[in-house]
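> any chance you can model this:
(2 chains)
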Amino acid sequence: MLIAATLAIFIAMLLAIIRGIAGPTLYDRILAVNMFGTKTVLLISLLGFLMGRPEFLDIAIVYALINFISVIGILRYSDKNEFKHHKELDKEP
Amino acid sequence: MDIMVIILSGIPLLIGSFLCISGSIGILRFPDFYTRIHAVGVTDTLGTGLILLSLMLLSTDFLVIAKLVIILLLTLLTSPTTSHVLAKAAMYNGVKPVLKQS
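Below is the predicted model:
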């Protein structure tokens, strides 16, 4: 049962990485990478249970935090209006 | 007792695996960015929750269950936030939804 779930998550990660390579816009790629990260957290937890070493859950917690912060950071720098705002601030004084 | 635990943990595991695969098929086949966000955001939260719930039923140690609860709460907090921020950034930066298929 655990092996079947691990294989299902591998297939889901493969389809997500196909969308990440072929995505038309930047946001499709970010969405695919976010889904890939969530699936990686699940994969690490399932592999920990499959190998009988539940210490892998610590790595899964850290990976969930890194995934969230990296997506928020990339979206922060993908904003066009943010750079326009800084240019206006540079012009004013 | 043992076979009961295996059955009770196997049902959410299979449903969660099905939801993960259906969400990733949705990210491949939907025509639009916003529909892809819908597919990922809806199926990702429930699939992750069900798989972590089945792992919780499968384990006996208290510390392992506490770590699984922490991962579940983190996922339930961060996944809708990420979907919302993605949709807002795409909307403000000019990604248009496909309104009618002709």
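
> residue nearest the middle of chain A, spatially speaking?
Most central in chain A under CA atoms, centre = their mean is residue A:34, positioned 2.8 Å from the mean C-alpha point.

> whoops, I mixed them up, chain B
Short answer for chain B (CA atoms, centre = their mean): residue B:44, at 1.5 Å.

> which residues touch that one?
The contact partners of residue B:44, taken as CB atoms under 8 Å, 6 or more residues apart in numbering or on different chains, are A:35, A:38, B:20, B:23, B:79. All C-beta spots, glycine's among them, are computed from the backbone N, C-alpha and C.

> I'd guessed the first one sits against residue A:17; true?
No: with contact taken as CB atoms under 8 Å, residue A:35 and residue A:17 are classed as non-touching, separated by 9.5 Å.

> which one of the two is surrounded by more residues?
More crowded of residue A:35 and residue A:17, by other CB atoms under 10 Å in any protein chain shown: residue A:35, with 30 against 16.

> flag the shaky bits of the chain, pLDDT-wise.
You didn't pick a chain, so chain A it is. A:80-93 (pLDDT under 70).

> oops, wrong one, chain B.
B:101-102.

> need the helices for chain A, in chain order.
In chain A, the helices defined using DSSP state H lie at A:2-22, A:26-50, A:56-77, A:80-91.
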